[in-house]
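**Q** Any chance you can model this:
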Amino acid sequence: MKFIILFGPQAVGKMTVGQELEKITDLKLFHNHMTIELVTPFFSYGSPAGNRLVHLFRQEIFEEVAKSDLAGLIFTFVWAFDLQSDWDYVEEISRIFESQGGTVYYVELEADMDERLERNKSPHRLSHKPTKRNLEFSERNLRKTMENHRLNSMEGEIKNSHYLRINNTRLSPEDVAQMIKDKFGL
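**A** Just a heads-up that it's a prediction; the model follows:
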């Protein structure tokens, strides 16, 4: 079992890269908005009920996948490196897979802000993430999150031996997916 945590700031291309990686491997994509979009018609994501349900659905899926005969899972995540709770969460979900004999891979994406602002408006992104369709709110949230949190790691901060960092500002999602596949022998 392989568990890939594909992380980086909003609109960096996590879902799109994950979709391409899913196409060229036996891994399944579980992008973070799959649970957010499920819960949002009932409770906003930032509300206590919304957060609890998103966490619960993700937890159950992780546990079932980790015990299954699937080849593995790609999960996308916005990791705020300045929040201990995010570090704890990554450790918690990694442990689910490791406890079942799985291997966890960390793939960090980074891209220039101008590129991310353009990607934030892409039809592909908006078709998969209805909660991002209010572009004014989405862009404001993207900027505010960048101001309030550190969304990319510092050099040497991630100690896992299965770690890859890619600046995908000028790379296609297909090329990034192939880089990940090649690096980890997926």
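**Q** Check what pLDDT Asp82 gets.
**A** As predicted, Asp82 sits at a pLDDT of 97.
**Q** same deal with Asn134?
**A** For Asn134, the predicted pLDDT is 76.
**Q** now this structure, which segments are flagged as low pLDDT?
**A** The model of the chain has pLDDT under 70 over residues 125-126, 130-131.
**Q** where along it do the strands fall?
**A** Taking DSSP state E as the test, the strands found in the chain are 2-7, 28-30, 72-77, 103-110, 163-167.
**Q** what does the first one contact?
**A** So the one you mean is strand 2-7. For strand 2-7, contacts defined as C-beta atoms under 8 Å, 6 or more residues apart in numbering pick out 14, 17-18, 21, 27, 66, 71-79, 90, 93-94, 97, 102-109, 180, 184, 186. For every residue, glycine as well, the C-beta is placed using N, CA and C.
**Q** Out of those residues, which end up buried?
**A** 14, 17-18, 21, 27, 66, 72-79, 90, 93-94, 97, 102, 104-109, 180, 184, 186 (16 or more other C-beta atoms under 10 Å).
**Q** can you give me the end-to-end distance of stretch 106-120?
**A** 23 Å (C-alpha to C-alpha, to the nearest Å).
**Q** thinking Ile36 is in contact with Phe57, fair?
**A** No - assessed by C-beta atoms under 8 Å, Ile36 is found out of contact with Phe57, at 9.7 Å.
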